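Visitor: Sequence and predicted structure below; questions after.
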Amino acid sequence: MTTYFTKKFNIKSTHPLHRWLILTVLMVLSACSENLVPAAIGGYNHMPYWSIAGFSVNGGSGFNLGPGGGGGTETCCVQLPERWRPGLKVNIAWRYDTDQGGPTPPPPQSAEVEIPEYRSEDISHMDVHFFPNHKVKVVVTHYGLGHENYPKIKDAEFDAVVKKWNKDYENFRKGVAP
């Protein structure tokens, strides 16, 4: 290995100490590399009127999400560092759609989204949550949405959407149009 680097970088010295130095530097550099782990990609659409006509996470394809839809389907994969670190982000791109004859959907969107803290044993899937006003959040977990240990999504707009859905659902059950 050291012979390869002495030739590649035209290192003339054959002193054993220099070879040990090169070997030590190589070992340190290899220790700094991240161990990446694949995680499935899932999604949830928290908008009552727009569909998500496909999305991607760092280029890995997601799937279509109807209004209020999500879960149940996952695609492969996004690579995540085994150890979370502050400032870790992913690039999300998505397209909106609507029912035939509906209003023209907004143009395609993209966002760089910060990944909240996760533990290595939690890496199973990354869920992408789509909210009104082009807001996107992600979580890394091995729990399903609704499980008590599913990461909390702190978002006032999310809470408002859930409250409105609950009201719309109650009205639907009573036969009242939203």
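Guide: Perfect, I can see it now. Being a predicted model, the structure only gives us computed values, none of them experimental.

Visitor: can I see the domain layout of this protein?
Guide: 2-32, 36-174 (automatic domain parsing).

Visitor: Please identify the most buried of these.
Guide: domain 36-174 (a mean of 15; mean count of other C-beta atoms under 10 Å). No exception for glycine: its C-beta is placed from N, CA and C like everyone else's.

Visitor: Just put the domains of the chain in CSV and tack on mean pLDDT.
Guide: Converted to CSV, those look like this (pLDDT from 0 to 100):
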stretch, mean pLDDT
domain 2-32, 51
domain 36-174, 87
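
Visitor: Start from the N-terminal end of this protein and give the helices.
Guide: 2-8, 16-32, 156-174 (DSSP state H).

Visitor: Just give the nearest non-adjacent residue to residue 110, would you?
Guide: Counting by C-beta to C-beta, 6 or more residues apart in numbering, residue 110 lies nearest to residue 93, which is 4.2 Å off, once chain neighbours are set aside.

Visitor: Tell me, what's the model's pLDDT at residue 1?
Guide: Looking at residue 1, its pLDDT reads 53.

Visitor: Please name the bridge partners of residue 94.
Guide: Residue 94 has these beta-bridge partners by DSSP bridges: residue 55, residue 109.

Visitor: please begin residue numbering at 800 from this point
Guide: All right, first residue 800 from here; so that's residue 893.
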